[in-house]
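Trainee: got a structure for you, letters missing:
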């Protein structure tokens, strides 16, 4: 007969394992550190001696468990709100900024990001991993909760990125990485001019109040909200006017090229980022201190007053994301 | 009062009419050929009270043609002349042989011939359908899509970067003022029944029918459930030349902007229910269509259709129409119209790169893909 104590030990082992899994929380401090340190560097990159690269076509995804995991990664990437429900906090998906399912050069493609990790940064004397980076995206750009290390979500996403970078040289800067950095604008970005650009060339898709567009009867957004409760929070890289301008100039309006001048991109980026949005999860209760610590840049309007609203004031939005 | 009619300086009148008006017959054969004048006098109490003279020339004899000498020619030496007095008399039979021309054709005759030949050649060289006012759009609507599709391969060299579209003022149709809240759906329903239902069907489901305007089999797209702002924009475009169609402009033209808004909101409230049988196409074509629809062709500047038209082409209000279950020939025709410039009303000309970047077989495949889509089920 099967010894009862063996069965008990076995059950105990399983229970311990499950408990360990469920209690393993992401290291928010490490995530924040990696995020603060890497964000400006990754999102706005000057193409240097870049290596040309093209990701494999989706038709070549294999029909095995590896391929299934890749497809799961694509599903999470494109419909984050539904496929990674407990962790996504706003109306955005990964693919809202990483366009064409993370394949598009100039829109921070995932094949280019994959070969840049893990990264050692002397500044914080730490190795920052792709996992931390993904978790940072969930915490800030998705205004949600970082999925645990090695969770099914992180694994599926990384499997997809790995496959996209098939054959790319590890550690190289690939052509099309990040968003193409813009030179400083000829004239200081104007929110008023940006408002006119937005009404003429952005509002048709993103809504006249930046509220985004939903599919009739659908839960997700077809065009992402750019400010307000369902958009990225104040910790996201896109709250930097320089980052947003670089993204916009290279990629917007979607489907056209050079439809906006560099100045228009700066102007409309400053208009978008002059609106209130969910609180930075690193907010310590003091707006000025939080600004000095995380937003000390002429390109961030966090903590400043725009159109009569003190951006980042905790009374504007309750802290919902970044838990 | 008496009216006396004289020829030249004759003292005796050829006719004398009593009263202040009358008719007379002038026998010109009694007058020698040449220049004469008709003199009319009114006489009252033997006193001439009024006079009028009309110069005229008589030519009862043969016309005389001379080849080799024109008026005021400068000549020298001996001159060879051909003289012909054509018998074109009023009595004798017409002598055709003597009517032969004896001088060169005037310059304009030759010029006219050359012009006719050049225009004829142009007519053949240029798309004869376009020349007759028929466009690829109508051809495709009438189920002859293969012809314009075949032409696509050669119609113009692919632009180096189709995504570079000019958004200069006037080159695209901006967002129009449209307030759905002001529309009267009951009036819209009545106007729709009177003006639109004949072709698009009572419930706006679209249909394949004989077109009163084209006199041909036409494919009339489904309008039910399409976003009101989109429909209003189309009517506005038909009336203002941003979208052309042989059947639509007169209909859109006869209505006011308020009528368009009423109709648009009425149609938005209807639901797409009836779907034509999906086109029978091969699995590889469906897969090609799905790939174009969901991934686009980024190397050729073609964005994925579903990026704007929503998953399975369900449509994204207010500006991106549903493609789901729309007739494949209609979708094909519209892509061709965007390519050919007959339709220029897309938001920010977003369809330009798509229409120019796609290849003919991809257009057919993606149209077939969307025609097969149904609500709630990805085919």
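Mentor: Noted; the coordinates are in hand. Quantities reported herein were computed from a predicted structural model and do not represent experimental measurements.
Trainee: C-alpha only now, for contacts and for neighbours.
Mentor: Fine.
Trainee: tell me the residues on the stretch 201-323 of chain A that lie near chain B, please.
Mentor: Residues of the stretch 201-323 of chain A lying near chain B by Cα under 8 Å from any Cα of the partner chain: A:201, A:204, A:213-216, A:222, A:254-259.
Trainee: kindly recompute the last result at 10 Å.
Mentor: Contact residues, the stretch 201-323 of chain A versus chain B (Cα under 10 Å from any Cα of the partner chain): A:201-205, A:207, A:213-218, A:221-223, A:253-260.
Trainee: just the buried ones from the residues you listed, in ChimeraX syntax?
Mentor: Applied in ChimeraX, the following selects the buried portion of those according to 16 or more other Cα atoms under 10 Å in any protein chain shown:
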select /A:201,202,203,204,205,207,213,214,215,221,222,223,253,254,255,256,257,258,259,260
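Trainee: so who does the residue nearest to residue A:310 when sequence neighbours are not counted touch?
Mentor: In space, residue A:310 comes closest to residue A:304 once its chain neighbours are excluded; the distance is 5.7 Å by Cα to Cα, 6 or more residues apart in numbering or on different chains. Residue A:304 is in contact with A:274, A:287, A:288, A:291, A:310, A:311, A:312, A:313, counting by Cα atoms under 10 Å, 6 or more residues apart in numbering or on different chains.
Trainee: next: residue B:357.
Mentor: Neighbours of residue B:357 in contact, by Cα under 10 Å, 6+ apart: B:158-163, B:296-303, B:339, B:351, B:363.
Trainee: go again using 8 Å as the cut-off
Mentor: Counting by Cα atoms under 8 Å, 6 or more residues apart in numbering or on different chains, residue B:357 makes contact with B:158, B:162, B:297, B:300, B:301, B:302.
Trainee: give me phi/psi at it?
Mentor: With angles defined as degrees, to the nearest 10, residue B:357 sits at phi -90, psi -20.
Trainee: can you pull out the helices in the stretch 201-323 of chain A?
Mentor: For the stretch 201-323 of chain A, the helices defined by DSSP state H, counting those that start in this stretch occupy A:203-206, A:241-251, A:262-272, A:287-294.
Trainee: could those go into CSV alongside mean pLDDT and distance to residue B:358?
Mentor: CSV is the format used below for the helices of the stretch 201-323 of chain A (pLDDT from 0 to 100; distance: least, Cα to Cα, whole Å):
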stretch, mean pLDDT, distance to residue B:358
helix A:203-206, 95, 23
helix A:241-251, 94, 20
helix A:262-272, 97, 29
helix A:287-294, 92, 46
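Trainee: these: which one's closest to residue B:31?
Mentor: When the helices of the stretch 201-323 of chain A are compared by Cα to Cα, helix A:203-206 sits nearest residue B:31, at 86.9 Å.
Trainee: if we can go back for a sec, I'd like to know how far the residue nearest to residue A:310 sits from residue B:234.
Mentor: 44 Å (Cα to Cα, to the nearest Å).
Trainee: same check, this time on residue B:28
Mentor: 70 Å.
Trainee: which one's more surrounded, those two?
Mentor: residue B:234 (22 against 12; other Cα atoms under 10 Å in any protein chain shown).
Trainee: and that one, that's in a helix?
Mentor: Yes. Judged by DSSP: H, G, I helix; E, B strand; the rest coil, residue B:234 forms part of a helix.
Trainee: residue A:299 against residue A:238, yeah?
Mentor: No. The pair residue A:299 and residue A:238 fails to qualify as a contact (Cα atoms under 8 Å) at a distance of 10.4 Å.
Trainee: and chain B, what are its domains?
Mentor: Listed by automatic domain parsing, the domain ranges of chain B are B:2-58, B:137-372.
Trainee: dump these to a markdown table, plus distance to residue B:105 and mean pLDDT.
Mentor: Below are the domains of chain B laid out as a markdown table (distance: least, Cα to Cα, whole Å; pLDDT from 0 to 100):
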| stretch | distance to residue B:105 | mean pLDDT |
| --- | --- | --- |
| domain B:2-58 | 27 | 86 |
| domain B:137-372 | 42 | 84 |
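Trainee: noted, bye for now.
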